[in-house]
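In: give me coordinates for this.
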Amino acid sequence: MNYRLFSSALVVFAVAGVVGCSERRTPLDPSGSQTVGRSGVGLAKPDSIPPKPPPIPIVQFAGASDARPGEVSITRWLLGNDRNQAQTITWRLTDDAGWSSLPQSGSVVVPKNGTQLLEVAVAVPDSTVPGFYPVHMAATLRHDTATADGVIHVTGQDSIPSDSLRIGGRPTHR
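Out: Alright, predicted model coming up:
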């Protein structure tokens with residue numbers, strides 16, 4: 001009997017303890033929200049000047065289509081302008097393999113605080129062995145020049161080139 005009374009009292013004290021601990025005893029400030037720390041200390045005012053947006057890179061590699069020897073790969077580059085007016089970006093695409101379709105160069109008008117997609121067709125020579133071939137883009141916005149590297153995947157004669165963008169990594173072979 002004493003055991004039942006003791007265990008009942010223990011349960012009552014446990015429930016009272018949980019209920020007592022769950023009550024919030026933090027004072028509210030005049031706006032009705034809870035204050036943390038000393039009472040009467042106000043929250044910091046938000047900055048009146050918004051932070052600057054992240055810089056827009058002048059050039060980024062955006063991918064390239066796969067190609068077989070003797071075909072054309074479309075390389076894609078994202079050109080960026082962080083200025084407050086439209087700017088002309090001059091560009092030059094080169095490679096390490098010495099393909100006859102490279103180097104190529106040109107210029108593109110990029111809108112203010114924006115980007116413009118540039119697609120450059122690169123002919124893959126008939127004698128090219130399947131593999132990954134680096135290409136290099138240099139882009140100049142006024143007096144600032146930036147570079148980006150990409151890759152063209154040359155597939156074998158028996159494989160079907162992918163229509164999707166290849167941004168990096170190696171394909172999985174089945």
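
In: contact partners for L102?
Out: L93, T94, D95, V122, V135 (CB atoms under 8 Å, 6 or more residues apart in numbering). Glycine gets a C-beta too; all of them are placed from N, C-alpha and C.

In: okay, it and I89: tell me how far apart.
Out: With distances taken as CB to CB, to the nearest Å, L102 is found 19 Å from I89.

In: again with A123
Out: For A123, the distance to I89 - CB to CB - is 24 Å.

In: these two: who's more crowded?
Out: A direct count of neighbours by other CB atoms under 10 Å for A123 and I89 places I89 higher, at 22 against 15.

In: wait, a strand at that one?
Out: Yes - according to DSSP: H, G, I helix; E, B strand; the rest coil, the state of I89 is that of a strand.

In: filter the contacts of L102 down to the ones in strands?
Out: In this view, those that belong to strands under DSSP state E are L93, T94, D95, V122, V135.

In: of all those, which two lie farthest apart?
Out: Farthest apart among those by CB to CB are T94 and V122. That separation is 10.6 Å.
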